[in-house]
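S.K.: I need the structure of the sequence given here:
(chains A and B)
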2 protein chains.
Amino acid sequence: MTIKLIGFPYSGPTMKVIITLRELGLPYEFETPANFGVLKTEDFLANKNPFGKIPVLFDGDFRIIESRSICRYLASKYQGKNNNTILIPNDVHKAGLVDQFISYEASYYDPPVFKLVSQEVFAEKFWNKSPDPEIIKQGREELIKVLDIYEKLLEGKEYLNGEYSLADIYHSPYTHYVYGVAKHSELWDSRPNVKNWWNRLRNREAVKKTFKEIP
Amino acid sequence: MTIKLIGFPYSGPTMKVIITLRELGLPYEFETPANFGVLKTEDFLANKNPFGKIPVLFDGDFRIIESRSICRYLASKYQGKNNNTILIPNDVHKAGLVDQFISYEASYYDPPVFKLVSQEVFAEKFWNKSPDPEIIKQGREELIKVLDIYEKLLEGKEYLNGEYSLADIYHSPYTHYVYGVAKHSELWDSRPNVKNWWNRLRNREAVKKTFKEIP
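M.R.: I've put the predicted structure just below:
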C-alpha cells in the first residue's frame, strides 16, 4: 500500500509526520500544495481535510488528518515491522508516561516555544508582520520555567521517557527553529541534561534529514 | 490496587478522568486539595505534579498526570475488564479515527468553547474579572464554523466516531458548561446531528452523574 503525505516541509506538524515515517522506515510519497489557497478549495475541504489544514495522510484508501493522530496511527500499525524502532512502548505504564510527555509538549513546552517561533520565524516569512518583542519576552520567561523542570525530568535519561519515543519527535520541529533559526540556543545549552537530550535528538538520522529539507 | 484521583470537581480535565473511571466501572478515591495554593507547595511539586496542576492519578504506586494521558492509560489498562465499555477501539484504523476526533477537540472545538467558558463561567467565579464581550463574540463566531463541520461529520452516527469513545468524553465537560451554565444551547440545538449527539452524550449515566456533582 502506498503512503502519501500532503504537507509543507517547513510546517512543524508536517515535520512530525515525516520524522515518524523515517524513524519507522516507511517509504512515502510527498505532495506539497501549490499555495495556502489550495487548502480552502471545495475539493480539498471535501476530500482531504474539512478544516482546511495540512498534514493529510493517505495509507492506501485510509485517510487520516491531524499530525498527532497520524503519527500515533503510523506507530500503532507499523512499528517493529521494517526496523526495530518502537515509538509507543507495548507496556501500558511506559506508554502512559510517553503520553504524559506528549501532553507536556502540548500544554507547557509548545506554547512558549511557539511564541518565539511565531515571532522570529513565521511573522515576517508568512504573515508580513514585524516580531513583537513583548511576546518574545513572555515566551522566553515561560520557557525558562519549563526547561528548569525538564532539566530535572531528564536526569539520567537519554530521551524524555528513557527510550526514544513519539514524545521526543513531537518536541523536535519547533525546538529546531528556536534553537537554530531564532537563536535562543543558550536556553537549552545552559542546562546539561536538556542540552544532551537535544543534541542526541537532533543528530538522529531521521530528524537531521528532515531539518535539512526545510526550504 | 486502589485508584486515587486528586482534582477539583468543577475542573474540565478532572471531569474527563472521572467520566472515564465511571464508564470503565472503576472504583476510585477522590481527593480535593483545600485550595489552589496547595498545588504550588514544595510537597505537591515534588511528589504529585512538577507543573503544579491537577488532575493527578495514582494507580497503586504508579503515578500519572495530565488528563489526556490519564484517560488513555485507564482505557488501555482496564477497558473490557469490569464491563463491556470500549473507549479506544482495538482496530488500528478505528483507533486512528478516534484520535483524529480527540485532536479536533484540542485544535478546533476546545479553543472557542473555552473562550465562552472562561468568560461566562470562570472569569467571575475564579478570577474576579468581568466577562469580556469581545472574547465571547469571537468564541461564538469560531464555534459556529466548527459546529457546521461537526454537523456533517456526525451524519448518520450516534457518537463522533460511530461508537462511543474517549473522543466523546473529552468533548463533554466544557460543552456542559457552555450549553447549560453559559446559555448558548441554541448553537447545538439548531443542528440536528449535533443536537442528537449531545443529548445522547449528556444522558449517559457516567456523564450525568459527574455533571450533577459540580458544586
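S.K.: from here on, contacts and neighbour counts on C-alpha atoms
M.R.: Will do.
S.K.: What strand or helix carries the closest residue to A:Gly12 other than its chain neighbours?
M.R.: Using C-alpha to C-alpha, 6 or more residues apart in numbering or on different chains and skipping residues adjacent in sequence, the residue nearest A:Gly12 is A:Pro173, 5.2 Å away. Using DSSP states H and E, A:Pro173 falls within helix A:166-176.
S.K.: Identify the residues contacting the residue nearest to A:Gly12.
M.R.: Applying C-alpha atoms under 8 Å, 6 or more residues apart in numbering or on different chains to A:Pro173 gives the contacts A:Gly12, A:Pro13, A:Met15, A:Lys16, A:Phe211.
S.K.: 7 Å - rerun?
M.R.: Shown in contact with A:Pro173 (C-alpha atoms under 7 Å, 6 or more residues apart in numbering or on different chains): A:Gly12, A:Met15, A:Lys16.
S.K.: Ok, A:Asp168 next?
M.R.: A:Tyr159, A:Leu160.
S.K.: near chain B, which residues of chain A show up?
M.R.: A:50, A:64-66, A:69, A:73, A:76-77, A:92, A:96-97, A:99-100, A:103, A:149 (C-alpha under 7 Å from any C-alpha of the partner chain).
S.K.: Put the buried members of these into a PyMOL selection.
M.R.: One line in PyMOL is enough to select the buried members of those, burial here meaning 16 or more other C-alpha atoms under 10 Å in any protein chain shown:
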select buried, chain A and resi 50+64+65+66+69+73+76+92+96+97+99+100+103
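S.K.: in the lengthiest helix in chain A, what counts as buried?
M.R.: Longest helix in chain A by number of residues, with DSSP state H as the criterion: helix A:133-153. By neighbour count, with 16+ other C-alpha under 10 Å as the criterion, the buried positions of helix A:133-153 are A:Ile136, A:Gly139, A:Arg140, A:Glu142, A:Leu143, A:Val146, A:Leu147, A:Tyr150, A:Glu151, A:Leu153.
S.K.: by contact count, what packs against whichever strand or helix holds A:Leu97?
M.R.: Per DSSP H and E, A:Leu97 falls inside helix A:92-104. Secondary-structure packing of helix A:92-104 (3 or more C-alpha pairs under 7 Å, 6 or more residues apart in numbering or on different chains; DSSP states H and E): helix A:166-176, helix B:67-78.
S.K.: Extract the C-alpha trace of the helix-or-strand element of chain A with minimal mean pLDDT and format it as CSV.
M.R.: Least confident helix or strand of chain A, by mean pLDDT, DSSP states H and E, is helix A:123-126 with a mean of 80. Once non-C-alpha atoms are left out, helix A:123-126 reads as follows in CSV (Å, rounded to 0.1, in the frame of the first residue of the first chain):
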residue,chain,number,x,y,z
ALA,A,123,5.9,36.6,11.4
GLU,A,124,8.0,38.0,8.6
LYS,A,125,8.1,34.9,6.4
PHE,A,126,4.4,34.2,6.2
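S.K.: Might you list the low-confidence residue ranges for chain A?
M.R.: Along chain A, segments meeting pLDDT under 70 are nowhere present.
S.K.: Walk me through the domains of it.
M.R.: Per automatic domain parsing, the structural domains of chain A span A:3-78, A:92-210.
S.K.: Look up phi and psi at the residue of chain A positioned farthest from its centre.
M.R.: Distance to the chain centre peaks in chain A at A:Glu42, reaching 28.2 Å (criterion: C-alpha atoms, centre = their mean). With angles defined as degrees, to the nearest 10, A:Glu42 sits at phi -60, psi -40.
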